[in-house]
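**Q** quick one, fold the following:
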Amino acid sequence: MAKPDENAGADVALPADAVQEIVRAKLLLESPHLAARLADLLGGPIEALIGAVGDKNAARVHKLTQKALDQALSAALKTLNVSAAVAPSPRLHMAAASAAGAAGGAFGWAALAIELPISTSIILRSIADIARGEGERLDDPEVRMQCLSVLALGGTSHADDAAETGYFATRAALASAVSQAASYLASEAALASRSAPALVRLVAMIAERFGVQVSAKIAATAVPVIGAVTGGAINSIFMDHFQCIARGHFMIRRLERLWGTVAVRAEMEKQSG
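**A** All right, here's what the predicted structure looks like:
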């Protein structure tokens with residue numbers, strides 16, 4: 001079968017293996033919300049605690065989230081490994097994130113201010129590993145911004161309504177900011193600055209959604225449980241959540257390159273029907 005162009009229509013007949021991958025990607029992108037997984041770990045609901053974190057500590061959460069994203073953005077601009085020869089290593093990144101969480105989990109806000117930026121940068125490196133494994137080029141500014149945007153695909157915004165929380169809706173909401181940030185990096189790479197308006201706008205949009213996940217992590221860390229539930233276990237769930245989103249996202253992007261955006265989206269919607 002000849003490969004269609006990226007704007008091919010929804011009537012393209014996708015092969016069975018592509019359909020199977022779309023089903024898998026859909027399952028990854030719709031994996032249980034972070035709060036639900038943390039509730040399973042802790043043995044009870046934490047929604048009320050998440051609400052309390054957001055209501056009483058909004059400024060702190062914003063500050064922690066911004067610091068974490070600033071460090072992640074710095075990694076995206078400068079230090080992501082672009083080698084195509086390095087195989088993805090999700091377990092290595094999981095272990096690193098778990099260790100960071102275990103080291104800081106027992107010491108409250110002060111430790112989180114140090115631990116969260118470290119964990120977020122480790123998560124970004126794992127996302128980049130997954131992207132490279134799906135055929136993306138990490139020396140492409142657009143791909144680097146796509147890696148960063150996965151931190152937003154894993155959560156919602158406080159301003160979202162039910163129609164704006166799906167995968168494609170969130171991608172569409174971020175698309176212009178991702179494109180503008182990537183264009184800036186491509187044209188001004190030697191002078192790239194985290195304070196550039198295009199980058200500031202993208203980080204602000206990501207922070208609105210990533211902050212919801214940070215609130216869930218903070219709430220889980222604050223639960224006074226007895227036993228083996230640690231900051232390391234919480235961080236493992238945090239990492240796995242974004243690894244799942246990254247695998248689904250970059251699988252869909254690879255399939256879109258092969259079969260066209262319209263056809264892949266149509267099949268994804270068919271699977272939801």
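**Q** put the alpha carbons of the strand or helix carrying residue 146 into PDB.
**A** Using DSSP states H and E, residue 146 falls within helix 141-153. Output in PDB follows, covering the C-alpha atoms of helix 141-153 (Å, rounded to 0.1, in the frame of the first residue of the first chain):
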ATOM      1  CA  PRO A 141      13.400  22.300  18.200                       C
ATOM      2  CA  GLU A 142       9.800  21.300  17.600                       C
ATOM      3  CA  VAL A 143      10.400  17.900  19.000                       C
ATOM      4  CA  ARG A 144      12.000  19.300  22.100                       C
ATOM      5  CA  MET A 145       9.000  21.500  22.700                       C
ATOM      6  CA  GLN A 146       6.700  18.500  22.100                       C
ATOM      7  CA  CYS A 147       8.600  16.600  24.800                       C
ATOM      8  CA  LEU A 148       8.000  19.500  27.200                       C
ATOM      9  CA  SER A 149       4.300  19.600  26.200                       C
ATOM     10  CA  VAL A 150       3.800  16.000  27.400                       C
ATOM     11  CA  LEU A 151       3.900  17.500  30.900                       C
ATOM     12  CA  ALA A 152       0.600  19.300  29.900                       C
ATOM     13  CA  LEU A 153      -0.900  16.300  28.100                       C
END
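**Q** could you list the buried residues of stretch 251-258?
**A** Residues of stretch 251-258 classed as buried: 251, 252, 253, 254, 255, 258 (neighbour count, 16 or more other Cβ atoms under 10 Å). Using the backbone N, CA and C atoms, a C-beta is placed for each residue, glycine as well.
**Q** could these be laid out in TSV, adding distance to residue 130, pLDDT and secondary structure?
**A** What follows is the buried residues of stretch 251-258, written out as TSV (distance: Cβ to Cβ, whole Å; pLDDT from 0 to 100; DSSP: H, G, I helix; E, B strand; the rest coil):
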residue	distance to residue 130	pLDDT	secondary structure
251	9	96	helix
252	12	97	helix
253	11	97	helix
254	11	97	helix
255	15	97	helix
258	18	94	helix
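**Q** quick check: of the residues you listed, which lies closest to residue 121?
**A** Set against residue 121, the nearest of those by Cβ to Cβ is residue 253 (22.3 Å).
**Q** my read: that closest one touches residue 137, true?
**A** No - because the distance of 11.8 Å does not satisfy Cβ atoms under 8 Å, residue 253 is recorded as not touching residue 137.
**Q** could you dump the buried residues of stretch 251-258 to TSV with distance to residue 40?
**A** Listed next are the buried residues of stretch 251-258 as TSV, based on distance: Cβ to Cβ, whole Å:
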residue	distance to residue 40
251	25
252	27
253	30
254	31
255	31
258	36
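**Q** do a quick rundown of the helices in the stretch 101-250 of the chain.
**A** 108-133, 141-153, 167-187, 197-222, 231-259 (DSSP state H, counting those that start in this stretch).
**Q** most neighbours per residue, which of those?
**A** Among the helices of the stretch 101-250 of the chain, the stretch with the highest mean neighbour count (mean count of other Cβ atoms under 10 Å) is helix 141-153, at a mean of 24.
**Q** ok and that helix relative to helix 197-222, angle-wise?
**A** Orientation note: helix 141-153 sits at an angle of 40 degrees relative to helix 197-222 (axes from the mean of the first three to the mean of the last three Cα atoms, to 10 degrees).
**Q** now do helix 141-153 and helix 231-259, the angle between them.
**A** Taking the same axes, to 10 degrees, helix 141-153 and helix 231-259 form an angle of 130 degrees between their directions.
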